[in-house]
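Chemist: Mind looking at a prediction? Sequence and model below.
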Amino acid sequence: HANGEKVDAETPYAEMWVGTHPKAPSQVTVDAPWKMATPLADWLSMNSSATAEQGATGLPFLFKILSVRTALSIQAHPDLALAKELHAKRPDLYPDANHKPEMAIAITPFEALCGFRAAREVLAHCGMCPELKAVVGADAVDALAEALAGAEGEEATKTALRALYTRLMTAPEDAVKAQLASLTARLAAVDAESQSPVDRLALRIHAQYPGDVGVFCVYLLNFAVLQPGQALFMAANEPHAYVSGDCAECMAESDNVVRAGLTPKFKDTETLCDMLTYTHGPAVLDDGTPLGDHVREYKPPPEVTEFRLQRVDLPAGATATLEAASDAGVLVVVRGAGSLKESVGRGEAAASGPTHEVAKGAVRLVCADVGMTLRADAEGLLAFRAIPRNA
């Protein structure tokens, strides 16, 4: 069920949330002594042994399954200090006083814009795309070239990149639309084989968001294609946009999003341009760390304590064991079917627990000190587990 309504297997859904965020809180369904559903936050507060912290009223992370067919907005998430500031000023737009670092693991091939391209690559794109140069101004392009050639170093380059990006995102709407019309007309006059990959991407995005300034962002932001099992971590104050594909995503419990393009929603362009770090360079993808056969683990940087992720990809008949953690987590099955056998406790003191049948769509709360052995049926099984980083 989703939001109290039965899920229709024939209907596409963009997102599934699992967690205790008040916007879409999960329910815990128990069968004994009778079948009932309880809000997850309430259930955790009434079952102190389920978490590491007695009386905990929520999970520190929010876990999602995303299915992206149309590009999502050009956005960034605030760090903790900015989140508190934005929430205090505009709680209607920024509902949480919490940061939102996040990690996505590809389920299918997954496309994303993520962080600024190397500044020299940005400069090259400004040279190859006269329409982009017309929007940002030759002076902004020249300033970036001078910063790269000068002796003032990285801070000068970041300052010039900030000025160029701000010029783009704050350009008059009519000027942006006119230059995008010129860009699409120029590219349409060239056969597809002669178009550069970034030009083809710009045409794809423009078909979805005609006349939107976010189309020009493809020339400034890295374009990454993650293969299934690869992960991408997005720190606070870094620009990104998911373009296409399915992924499992985990983040600190927050729904704060600062948007500035590719969206009909509220755009806070000034905040976005001001908050970014303007770190630039190639995107960094994470293949995870093996935890035995069929299991890989993905950890954010040490300062992000809210979550880590485990991916279990079992071929037919295979098994994998997930060790007990010291805090509560969730397990979501996204493909296939099989069984899940619980163990309670750690090491030699662990006791055998019940066995459950699981299949695609199953979402299970995994309490503290509960381990699991997953076994796949004939079709195999793909599942993700989210738990606090240090649990």
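Modeler: Everything's here; your move.
Chemist: all helices for this structure, in order.
Modeler: In the chain, the helices defined using DSSP state H lie at 40-46, 80-89, 119-128, 130-136, 138-149, 154-169, 173-188, 197-208, 269-275.
Chemist: Please identify which of these is closest to residue 366.
Modeler: Closest to residue 366 of the helices of the chain, according to C-beta to C-beta: helix 40-46, at 12.3 Å. C-beta coordinates here come from the backbone N, C-alpha and C atoms, glycine included.
Chemist: Only alpha carbons, please: show the closest one as CSV.
Modeler: Output of helix 40-46 as CSV, limited to C-alpha atoms (Å, rounded to 0.1, in the frame of the first residue of the first chain):
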residue,chain,number,x,y,z
LEU,A,40,6.7,3.6,12.4
ALA,A,41,7.8,6.5,14.6
ASP,A,42,5.2,5.4,17.2
TRP,A,43,6.2,1.8,17.0
LEU,A,44,9.8,2.6,17.6
SER,A,45,9.0,4.7,20.6
MET,A,46,7.0,1.9,22.1
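Chemist: outside of it, which residues touch it?
Modeler: With contacts defined as C-beta atoms under 8 Å, 6 or more residues apart in numbering, helix 40-46 is touched by 19-20, 25-28, 38, 50-51, 55-59, 328, 365.
Chemist: Looking at those residues, which are in strands?
Modeler: 27, 28, 38, 365 (DSSP state E).
Chemist: Emit the PyMOL select command for whichever of those are buried.
Modeler: To isolate the buried subset of the ones in strands among the contacts of helix 40-46 in PyMOL, counting by 16 or more other C-beta atoms under 10 Å, use the following:
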select buried, resi 28+365
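Chemist: Look up how far residue 169 lies from the residue lying closest to residue 309 once chain neighbours are set aside.
Modeler: The shortest distance from residue 309 to any non-neighbouring residue, by C-beta to C-beta, 6 or more residues apart in numbering, is to residue 298 (4.5 Å). Counting by C-beta to C-beta, to the nearest Å, the gap from residue 298 to residue 169 is 31 Å.
Chemist: same deal with residue 183?
Modeler: Per C-beta to C-beta, residue 183 is found 17 Å from residue 169.
Chemist: List the residues that contact residue 222.
Modeler: If you count contacts by C-beta under 8 Å, 6+ apart, residue 222 has them with 113, 114, 115, 116, 117, 282, 283.
Chemist: Would you write a PyMOL line that selects the buried entries of those?
Modeler: The buried residues among the contacts of residue 222 can be selected in PyMOL (16+ other C-beta under 10 Å) with this line:
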select buried, resi 113+114+115+116+117+283
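Chemist: Mind putting the contacts of residue 222 into JSON lines with distance to residue 75 and pLDDT?
Modeler: Below are the contacts of residue 222 laid out as JSON lines (distance: C-beta to C-beta, whole Å; pLDDT from 0 to 100):
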{"residue": "113", "distance to residue 75": "10", "pLDDT": "98"}
{"residue": "114", "distance to residue 75": "11", "pLDDT": "97"}
{"residue": "115", "distance to residue 75": "12", "pLDDT": "97"}
{"residue": "116", "distance to residue 75": "14", "pLDDT": "98"}
{"residue": "117", "distance to residue 75": "17", "pLDDT": "98"}
{"residue": "282", "distance to residue 75": "20", "pLDDT": "97"}
{"residue": "283", "distance to residue 75": "16", "pLDDT": "97"}
